[in-house]
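[1] predicted coordinates and the sequence they were generated for:
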Amino acid sequence: MSRDLLNNIISEIETKIDSVELTPEIENIGEVFYLWDSIAKVSGLRGVSYNEVVEFDSWATWVALNLEEHFVWVVILSGFEKVKEWEKVKATSRILEVPVWEELIGRVVDSLWIPIDWLWEIKSKEFYPVERVASWVMSRKSVHEPMETGIKAVDALVPVWRGQRELIIWDRQTGKTQIAIDTILNQKGQNMICVYVAIGQKEWKISRIAEELKNAWAMDYTIIVSAWASLPAAMQYLAPYSGCAMAEYFMLNGKHALIIYDDLSKQATAYREMALLLRRPPWREAYPWDVFYLHSRLLERSAKLNDELWGWSLTALPIIETQAWDVSAYIPTNVISITDGQIFLDSDLFNSWQKPAINVWLSVSRVWWSAQMKAMKKIAGNLKLDLAQYRELAAFSQFASDLDEATRKQLERWERMMTLIKQWKNTPIETAKQVCAIYAGWKGYFDIIPVNKILEIESNLYISLEDEKTIIDSIRKEKVINENIEKKLIELIKKVVELNK
């Protein structure tokens, strides 16, 4: 081989070496040295962030929650049974995110948005972080639009507005979930996307709720996020944040959204379990010191956006379960202080077949009548006080030997009004129809009707209103009962009463 040829080969090799770009990939890798009950201690991970996703060689997915000087505590999200001690762990530099997309509507998913309804795989084009800073104050405006629940006792006495956080609270088996389901059913055709988050519920209950919504065609605008009782505590802790990220996506992309957390007391219990396993110091009732922040940073994400952001809203209905009526316990008092109002239920009312068992004299809305339909405001303005007085007077009258005629008639009317606000489950009622029924009871037109026939005559009144479109259309459009419509309504009520007395 000639020297010139050799020099050319060497020159060509040097040129190729010089043209190679060396960009070594640096991976942040650690090692598991402690493993117990969905918790792992990992050493060697440097610069890992809070809420950062870490991956194991066994393809398990965990999230970093405790960042200490020499090691990191990570919590299971999926695949705990595959993880072994001394397994390699890799930081991903990704904060925990969930997919968001309109194709998720109608699906039942877990906290990581993995489908559990045996339908097709979800392929999303966009992701939102599960922990997101709430909309800042200057991007909001005061609430002014009603979010009609279709429940007479709520819409008339404890109205809820779009962008509000209204707590539903009391003991188990008092109809808390049913109020949430009826509210979802009433959002049909309201440009409202509903997200129902089930935390620590039994699987059969979630299946039943999904079936009820499907039968009522409500799954066309509803997403169910389920973290049932047998899942790890981390999945139950994560579920509300995951559902909220999806609801925020719709709020920020041209729709109103409603999210229901059923229930946050179970989320707090799951968080307490995680905190104790992570060796965080226990505080009151063994909850960690930041349990208030757990719920406040979640519920503060509900908002009514200002007109520059097109005025969309995210309304939250958190549910809290008390133990033996103890609303002064740690978690109930925390959430009461965060929310804008509370719907208290009552075990005694529920057991006496007053359903929904809403305690109208304890329930409150802090924004109150600011956006209620004017017709309803006029009729129901004193109804809450009247029904509160009824319970006290009814209790007193049991010990009275006789009552004067005026008191007796007042008691009988209030008794009929209590019956009138009863409602069958899964039967939300349009607000304009509610106005007509409550007007009839409030004005005394039902006084001659036996109490056991009040709900029957109410149904007949609704049928007559459908036939007489002028009345109901006017109330829907003008939001008031004008003089002409009031005369027609009185004639219609008298006709229905005469036919059914």
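    Yep, that arrived.
[2] so residue 95 touches residue 49, yeah?
    Yes. Residue 95 lies in contact with residue 49 (C-beta atoms under 8 Å); the separation is 6.8 Å. Yep, even glycine has a C-beta here, placed from its N, CA and C like the rest.
[3] more neighbours: which of those two?
    residue 95 (16 against 12; other C-beta atoms under 10 Å).
[4] contacting residues around the more buried one?
    Listed by C-beta atoms under 8 Å, 6 or more residues apart in numbering, the contact set of residue 95 reads 49, 51, 52, 53, 129, 131.
[5] buried only: go through those residues for me.
    52, 53, 131 (16 or more other C-beta atoms under 10 Å).
[6] now these as CSV including distance to residue 117, secondary structure and pLDDT?
    As requested, the buried ones among the contacts of residue 95 are exported to CSV (distance: C-beta to C-beta, whole Å; DSSP: H, G, I helix; E, B strand; the rest coil; pLDDT from 0 to 100):
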residue, distance to residue 117, secondary structure, pLDDT
52, 30, strand, 87
53, 25, strand, 88
131, 26, coil, 89
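[7] can you list those in CSV and add distance to residue 74?
    Formatted as CSV, the buried ones among the contacts of residue 95 follow (distance: C-beta to C-beta, whole Å):
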residue, distance to residue 74
52, 9
53, 9
131, 16
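[8] ok, these vs residue 112, which is closest?
    residue 53 (10.3 Å; C-beta to C-beta).
[9] how much space between the closest one and residue 318?
    27 Å (C-beta to C-beta, to the nearest Å).
[10] please apply the same query to residue 165.
    On the measure of C-beta to C-beta, residue 165 and residue 318 end up 7 Å apart.
[11] who touches both of these two?
    Joint contacts of residue 165 and residue 318 (C-beta under 8 Å, 6+ apart) are 299, 339.
[12] which one of the contacts of residue 95 is nearest to residue 219?
    Using C-beta to C-beta, these come closest to residue 219 at residue 129, 26.4 Å.
[13] for the closest one, what are its contacts?
    Residue 129 neighbours (C-beta under 8 Å, 6+ apart): 51, 95, 96, 97, 245.
[14] for residue 202, same thing?
    228, 229 are the contacts of residue 202 under C-beta under 8 Å, 6+ apart.
[15] check residue 240 too.
    Applying C-beta under 8 Å, 6+ apart, the residues contacting residue 240 are 197, 199, 261, 264, 267, 298.
[16] please identify the helix or strand for residue 475.
    helix 469-478 (DSSP states H and E).
[17] for that helix, C-alpha coordinates in PDB please.
    This file holds the C-alpha atoms of helix 469-478, laid out as PDB (Å, rounded to 0.1, in the frame of the first residue of the first chain):
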ATOM      1  CA  LYS A 469     -97.400  25.900  27.200                       C
ATOM      2  CA  THR A 470     -98.000  29.600  27.600                       C
ATOM      3  CA  ILE A 471     -97.400  29.600  31.400                       C
ATOM      4  CA  ILE A 472     -94.300  27.500  31.500                       C
ATOM      5  CA  ASP A 473     -92.700  29.100  28.400                       C
ATOM      6  CA  SER A 474     -93.200  32.600  29.900                       C
ATOM      7  CA  ILE A 475     -91.500  31.600  33.200                       C
ATOM      8  CA  ARG A 476     -88.600  30.000  31.400                       C
ATOM      9  CA  LYS A 477     -88.100  33.100  29.200                       C
ATOM     10  CA  GLU A 478     -88.800  36.000  31.600                       C
END
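[18] what sits up against that helix?
    Contacts of helix 469-478 (C-beta under 8 Å, 6+ apart): 375, 432-433, 435-436, 465-466, 481-482, 485, 488-489, 492.
[19] need the contacts of residue 129 in CSV (columns: pLDDT, distance to residue 40 and secondary structure).
    Shown next, in CSV, are the contacts of residue 129 (pLDDT from 0 to 100; distance: C-beta to C-beta, whole Å; DSSP: H, G, I helix; E, B strand; the rest coil):
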residue, pLDDT, distance to residue 40, secondary structure
51, 86, 16, coil
95, 88, 19, strand
96, 88, 16, coil
97, 89, 21, strand
245, 94, 25, helix
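[20] returning to that earlier point: can you tell me which of the buried ones among the contacts of residue 95 is closest to residue 497?
    Closest to residue 497, out of all of the buried ones among the contacts of residue 95 and judged by C-beta to C-beta, is residue 131, at 56.8 Å.
[21] now the helices for the stretch 101-250 of the chain?
    Ranges of helices in the stretch 101-250 of the chain, per DSSP state H, counting those that start in this stretch, are 152-157, 176-185, 203-215, 233-251.
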